[in-house]
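A.B. asks: Need coordinates for the below:
(one chain, ligands or ions: 2)
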Amino acid sequence: IASKLSSIYGKGKYCRKDKAGKDECRDLGQLSKVLATSRNYDELLDAWQGWRTISPEMKPMYQQLVELSNQGAKEIGYANAGELWRAGYDMKPDEFAATTEKLWSQVRPLYEKLHCYTRGRLVQKYGKDKVPPEGLIPAHLLGNMWSQEWAKIYDLAEPYKKAGSADVSKALQAKILGKRSPDKITVEDAQAMVKIGESFFTSIGLNPLPETFWKRSLFVQPKDRDVICHASAWDVTFSNDLRIKMCIKVDEEDLITIHHELGHDYYFMNYYTKPVLYQAGANDGFHEAIGDALALSVTPTYLKQLGVIKEVPKNEQQLINLQMKDALEKIAFLPFGLLVDQWRWNVFSGKISPKDYNKAWWELRAKYQGIAAPTARGEEFFDAGSKYHIPANVPYMRYFLARILQFQFHRSMCKIAGHTGPLHECSIYGNKAAGEKLRAML
Ligand code: X8Z
Ligand code: ZN
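C.D. replies: Ligands and ions are numbered 1, 2, ... in the order given. This next block holds a predicted model:
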């Protein structure tokens, strides 16, 4: 059942008749590009709804997966699979749930400000009829298929239009592709992106990736078959057989995701020789936070050192522009990171029954994210299934934890590196002392 569900997600395509009456099919990558770049309400709606045509057929299988997971969890002494998932944090499952709620209450004011500000900008763009000035934001207008990270609508949210900001994606494309189109990238182009990531890790004193990494990884989307493009990192034989699987684009988003995935691989690299109890993250939130913590050092100053961008923000307005972009990526994510497993915990416990799957999903989306589906979404849909981690059955609270832990790790590494001054100016690039402490932790 698990592999069937993953396979449906990986093969997922939205097909419709084009103007000539021919079937035109688009995969998640193509539909995501529409969400990221189109500013046409109806075109966005079509791509948003289109991707969600892939998931209704998952629903009966997902129900079965839930039942079997619960059966397994019970056999090893847990009330249900949700309790098992909450048991990996050196505290009681109930305490963990309370801890996550408490963390959310601490960061929520920041999210609410961002939500309010962004909604204002969307009202300006799409009008009061489309975006209620005091209500929930329509989910398809935030630049991302699941409204989880909003940096793709930075152009709409930019605080100081005249101050300018560095276009890192464009700069990367100029550096790696020259005049070639970003829609046709080669393995070498993708590897050049990964090399930038690897060079960060080696700059702080960690080992290079093994030769086999470059031979055995998947870096670009194959043309001859469907693959799951959702990025992942592997140690296939638990013996430093490190790989990533990712359909790399040459842009800022994927540069950050490469650091994220390499964070997993460097964790594997540094614990595979240790006793088995150490062959995992301290908890799964740690695993998700390592690469992101390093990517916080991908500052304008660092990118200039690398020759990717020419200028570093020099005034307050440019700095605020940059921090808004970070907020759209990092802060916007928090309620989404929290709600995915609130939904699943309640599904596993039976609090949410299959006849209410979609209703409960959209209630959580409203409660935590303050967003709404753009059209009615009854139980004929299975919208949770349109997010990779649901069919793939990967727990999600780890990403909520990581969104907080990564800033704590960054702050600590900056302190070790002897950084003084504001934290946003810190990059630990090249700092061996910080690297040594990180390695010891891994
Ligand atoms: O799934 C991922 C990684 C793979 S572990 C690419 N992330 C979450 C997501 O894409 O939903 C990273 C951030 C959140
Ligand atoms: Zn990850």
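
A.B. asks: For ligand 1, see how far away Met145 is.
C.D. replies: Distance, Met145 to ligand 1, using CB to the nearest ligand atom, to the nearest Å: 10 Å. (Glycine included, C-beta is placed from N, CA and C.)

A.B. asks: need the contact list for that residue.
C.D. replies: Neighbouring residues of Met145 by CB atoms under 8 Å, 6 or more residues apart in numbering: 28, 31-32, 35, 48, 51, 386.

A.B. asks: Run a quick neighbour tally on the residue of the stretch 151-300 of the chain found nearest ligand 1.
C.D. replies: Closest residue of the stretch 151-300 of the chain to ligand 1, CB to the nearest ligand atom: Ala231 (4.0 Å). Counted with other CB atoms under 10 Å, residues neighbouring Ala231 total 17.

A.B. asks: In terms of helices and strands, where is Arg243?
C.D. replies: Element membership for Arg243, per DSSP states H and E: strand 242-245.

A.B. asks: Around ligand 1, pick out the residues from the protein.
C.D. replies: Contact residues (CB under 6 Å from any ligand atom) of the chain with ligand 1: 231-232, 257, 260, 399.

A.B. asks: The residue of the stretch 151-300 of the chain closest to ligand 1 contacts Glu253, correct?
C.D. replies: No. With contact defined as CB atoms under 8 Å, Ala231 and Glu253 do not form a contacting pair (10.5 Å).

A.B. asks: about what we covered before: mind giving me CSV with the contacts of Met145 and columns for neighbour count and secondary structure?
C.D. replies: Shown next, in CSV, are these (neighbours: other CB atoms under 10 Å; DSSP: H, G, I helix; E, B strand; the rest coil):
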residue, neighbour count, secondary structure
Leu28, 21, helix
Leu31, 22, helix
Ser32, 20, helix
Leu35, 23, helix
Trp48, 23, helix
Trp51, 24, helix
Ser386, 22, helix
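
A.B. asks: Closest one of these to Gln64?
C.D. replies: Nearest to Gln64 among the contacts of Met145, counting by CB to CB, is Ser386 at 18.8 Å.

A.B. asks: show me the contacts for that closest one.
C.D. replies: Ser386 is in contact with 51-52, 54-55, 145-146, counting by CB under 8 Å, 6+ apart.

A.B. asks: and if we set it to 10 Å?
C.D. replies: Residues counted as contacts of Ser386 (CB atoms under 10 Å, 6 or more residues apart in numbering) are 9, 12, 28, 48, 51-56, 58, 145-146.

A.B. asks: Could you identify the most distant pair in these?
C.D. replies: Trp48 and Met58 (17.7 Å).

A.B. asks: burial count for the closest residue to ligand 1 within the stretch 1-150 of the chain?
C.D. replies: Nearest residue of the stretch 1-150 of the chain to ligand 1, counting by CB to the nearest ligand atom: Gln148, 6.0 Å away. Number of residues near Gln148 (other CB under 10 Å) recorded here: 19.

A.B. asks: In terms of pLDDT, where does it sit?
C.D. replies: Note for Gln148: predicted pLDDT of 98.

A.B. asks: Am I right that it is in contact with Phe336?
C.D. replies: Yes. At 4.2 Å, Gln148 and Phe336 qualify as touching, with contact defined as CB atoms under 10 Å.

A.B. asks: what residues are shared contacts of the two?
C.D. replies: Taking CB under 10 Å, 6+ apart as the criterion, Gln148 and Phe336 both touch 369, 387, 399.

A.B. asks: Show the backbone phi and psi for Ala2.
C.D. replies: Note on Ala2: its backbone torsions stand at phi -60, psi -40 [degrees, to the nearest 10].

A.B. asks: Hmm, it is touching Gly72, no?
C.D. replies: No. Using CB under 10 Å, Ala2 is not in contact with Gly72; the gap is 11.9 Å.

A.B. asks: OK, contacts around whichever residue of the stretch 301-442 of the chain sits closest to ligand 1?
C.D. replies: Using CB to the nearest ligand atom, the closest approach of the stretch 301-442 of the chain to ligand 1 is made by Tyr399 at 4.3 Å. With contacts defined as CB under 10 Å, 6+ apart, the neighbours of Tyr399 are 148, 284-285, 288-289, 292, 333-334, 336-338, 340-341, 389.
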